[in-house]
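Colleague: Sequence and predicted model, in that order:
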2 protein chains.
Amino acid sequence: MASLSDISRHAGVSIATCSRVLNGSAHPVSEATRTRVLQAAEELGYAPSALARALVTRSSRIIGVIVGDIVDPYFAEIARGVEAAAAGLGYLTMVCSAELGSEAELGHLHQLRDYHAAGIVFAGSGRAGDPSAPDVAVAVREARERGTVVVALAQRDFDAPAIVFDNEAAAHDITAYVKGLGHERVTFVEGPAGLHTSAQRLAGFTRAGGIDSIPGGFAYEDGIEAASRLLERDALPQALIAANDEAAIGLLTRLRDAGVDVPGDVAVAGIDDTRPAHFVGLTTVSVPLHEMGRRAAQAVLDQQAEDVLLPHALAIRTTT
Amino acid sequence: MASLSDISRHAGVSIATCSRVLNGSAHPVSEATRTRVLQAAEELGYAPSALARALVTRSSRIIGVIVGDIVDPYFAEIARGVEAAAAGLGYLTMVCSAELGSEAELGHLHQLRDYHAAGIVFAGSGRAGDPSAPDVAVAVREARERGTVVVALAQRDFDAPAIVFDNEAAAHDITAYVKGLGHERVTFVEGPAGLHTSAQRLAGFTRAGGIDSIPGGFAYEDGIEAASRLLERDALPQALIAANDEAAIGLLTRLRDAGVDVPGDVAVAGIDDTRPAHFVGLTTVSVPLHEMGRRAAQAVLDQQAEDVLLPHALAIRTTT
DNA sequence: TTGTAAGCGTTATCAG
DNA sequence: CTGATAACGCTTACAA
């Protein structure tokens, strides 16, 4: 409630001097007045207005993370990585959840730009034919012109540095592994239609010699649904690879409910190695989510980012 | 990049008039000048400074949600509820993750206060003997004085309206249900030491006639660990109730790994009914997480909140 | 209907 | 070392 001018009056010192001691500027201030100011601030319960400060310095200490769905452990892990690097340095990490390629995503982006965020991290993938993509690209450019550092953690359709792992290779590697186990007929349950990430993962599956694939999604329910359709076929494939862990777990659940033995009758694998994968012992591909978040935050703090490609690794468990 | 004064100059209209048309004020403006301004804004790519606006109106359109751990599905569900109600109304939901009762929590609170957040939602429980509790209470008071709406979604040690469910009753009900199944010897795996929520849930277990309880926590790993200790005993109890779902799933996983049949040899139940509980078919108590978040956001929008107690319900699945 | 001007709480540039 | 004072970009009485 108390402002600098209150402190100034209370301590009988100019407002400029108060500002200098209260924000630790390099400008010299005598020890005597310093303590006077500090005491006044203490007595009046001074709390600086981050708003006013940001207005004049032209940059707030806010890092925005735009995710597709906050309950998705994939994004949660990224957000946690950002938070870990930003916390303690006075930066506020704000996670904004918006369906990929939606109006809401554009809205969040605008808000972040309007608040002069120090950084904006796009955790999710872009999608083909996204009608708001041009607007997003414009807003991203405007934000960058304002000095905001923008980082993409998956393929997007605008100009910004990307800190990613190789989705195509990840899908390829898990497919190759599963085939190496001797499974000939392996089918892929695709990610959400249109998402670049989905396309990349499908491409990796194909490159590893995979043929059969069916529509799916990234949610648990999508896996359930896909498994139900599979169960209606004459015969099940020998192995199933889902575009991500959540869907893989959906597959697993539905299959076991139907009395199918996993991995006895059919092997199941996912991609991402999120927390729930541990719970159910899912074979998957471990990708550097936390590290991507951490690096993105670091880029914001450093005020500069560059393209980075991070490694992934197979995580073999009990479903294959 | 363009500001109101740029538009003003470009359109040959006063800055006040520009402000009036660009933010849809009630003040009348002729159709002619309105279009002039709109066009200038369009050409220059005007984006308002939310910072400046917030500074003068003394309130930003930011809703901060302080959670214990963003990867915890309990909090994710709450955050999503807040987001759902706030989105579209121009409010930015920012999720800040900080260990309950930590310095970081205080730091986030300060930041939110300094940004004149419209609302601050505490998703997690307070903890006994928290050294920063007095500071938190002060910052909460200051924030409220500034007009920020503060809401607690669990028991806290400061003065603010609470939107909660009955933790004690939830624990009581699941315990009673399990005992009603004929299990005499049921042990409770406690939540994190010190958390009010932990104490409430343990109290509910006790009131329902439960005797045996062992230390645990709210994380998956805590469940794993607790199960390991249980496995070292001469005999397993007939049923296990964990303080939350994550821990219950840890229990379940470790037990089944050890060849124990659940629910054949021992029944397992949790509390919260978070997403992973569906994955593994866990019997648990469904609590109104999403609704709590939604109502908290609504309270912020309404600029007023009051205490609310929401209902819970048993969710019987396959682990009992 | 339009414009003028006084802030909002800081920071930063100059002079003392 | 200390103090005026001009921004920062916007909202809002109060005038015209």
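Modeller: Received it, and whenever you're ready, just let me know what you need. Numbers count the residues shown, from 1 in each chain, chains lettered A, B, ... in the order given.

Colleague: what about stretch A:283-296, average pLDDT?
Modeller: In this model, stretch A:283-296 has an average pLDDT of 98.

Colleague: what distance separates that stretch from the centre of its chain?
Modeller: Mean C-alpha position of stretch A:283-296 versus that of the full chain (Cα atoms, centre = their mean, to the nearest Å) differs by 9 Å.

Colleague: That stretch: which residues count as buried?
Modeller: Going by neighbour count (16 or more other Cβ atoms under 10 Å in any protein chain shown), the buried part of stretch A:283-296 is A:283-296. Using the backbone N, CA and C atoms, a C-beta is placed for each residue, glycine as well.

Colleague: Between the residues you listed, which sits nearest DNA strand D?
Modeller: A:Ala296 (26.4 Å; Cβ to the nearest atom of the strand).

Colleague: and the closest one, what is it in contact with?
Modeller: Shown in contact with A:Ala296 (Cβ atoms under 8 Å, 6 or more residues apart in numbering or on different chains): A:78, A:81-82, A:119, A:121, A:151, A:153, A:163, A:305.

Colleague: and which of the residues you listed is nearest to DNA strand C?
Modeller: A:Gly119 (19.2 Å).

Colleague: Quick one: neighbours of A:Ser19, just the number.
Modeller: 17 (other Cβ atoms under 10 Å in any protein chain shown).

Colleague: One more: the one 4 residues further on?
Modeller: The tally of other residues near A:Asn23 (other Cβ under 10 Å) stands at 10.

Colleague: For it, give its distance to DNA strand C.
Modeller: Remark: distance between A:Asn23 and DNA strand C (Cβ to the nearest atom of the strand, to the nearest Å) = 4 Å.

Colleague: Now that residue: closest residue in space, sequence neighbours ignored.
Modeller: A:Pro48 (7.1 Å; Cβ to Cβ, 6 or more residues apart in numbering or on different chains).

Colleague: Now, the contacts of A:Ala296 that are in strands?
Modeller: Among the contacts of A:Ala296, the ones falling in strands (DSSP state E) are A:119, A:121, A:151, A:163.

Colleague: How about the first one, nearest residue that isn't a chain neighbour?
Modeller: The shortest distance from A:Gly119 to any residue other than its chain neighbours is 3.0 Å, reached at A:Val300 (Cβ to Cβ, 6+ apart).

Colleague: I'd assumed A:Pro161 was in contact with the one you found.
Modeller: No. Counting by Cβ atoms under 8 Å, A:Val300 does not reach A:Pro161; the two are 11.1 Å apart.

Colleague: The two: which has the busier surroundings?
Modeller: Applying other Cβ under 10 Å to A:Val300 and A:Pro161 shows that A:Val300 carries more neighbours, namely 28 against 15.

Colleague: Do you know the pLDDT at that one?
Modeller: In this model, A:Val300 carries a pLDDT of 95.

Colleague: how near is it to A:Thr93?
Modeller: Using Cβ to Cβ, to the nearest Å, A:Val300 is found at 10 Å from A:Thr93.

Colleague: any common contacting residues for the two?
Modeller: By Cβ under 8 Å, 6+ apart, the residues touching both A:Val300 and A:Thr93 are A:63, A:86.

Colleague: which residues of the stretch 101-250 of chain A fall in strands?
Modeller: Using DSSP state E, counting those that start in this stretch, the strands of the stretch 101-250 of chain A run over residues A:119-122, A:149-152, A:163-165, A:186-189, A:213-214, A:239-242.

Colleague: for the fourth one, packing partners?
Modeller: Helices and strands touching strand A:186-189, by 3 or more Cβ pairs under 8 Å, 6 or more residues apart in numbering or on different chains; DSSP states H and E, are helix A:167-180, strand A:213-214, helix A:220-231, strand A:239-242, helix A:245-257.

Colleague: Comparing the ones you listed, which comes out most buried?
Modeller: Most buried of the helices and strands packed on strand A:186-189 by mean neighbour count (mean count of other Cβ atoms under 10 Å in any protein chain shown) is strand A:239-242; its value is a mean of 31.

Colleague: chain center to it, what's the gap?
Modeller: Counting by Cα atoms, centre = their mean, strand A:239-242 comes out at 25 Å from the chain centroid.

Colleague: What degree of burial does A:Asp302 show, as a neighbour count?
Modeller: Other residues near A:Asp302 come to 10 when the count uses other Cβ under 10 Å.

Colleague: How about the contacts made by it?
Modeller: Applying Cβ under 8 Å, 6+ apart, no residues qualify as near A:Asp302.

Colleague: How much space separates it from A:Ala85?
Modeller: 11 Å.

Colleague: Same check on A:Thr274?
Modeller: With Cβ to Cβ as the criterion, A:Thr274 and A:Ala85 are 20 Å apart.

Colleague: Name the nearest residue to the closest residue to DNA strand C within the stretch 201-320 of chain A, ignoring sequence neighbours.
Modeller: Residue nearest to DNA strand C within the stretch 201-320 of chain A (Cβ to the nearest atom of the strand): A:Gln303, separated by 15.0 Å. Distances taken as Cβ to Cβ, 6+ apart place A:Val149 nearest to A:Gln303, at 6.1 Å, with adjacent residues excluded.

Colleague: I appreciate the help and will end here.
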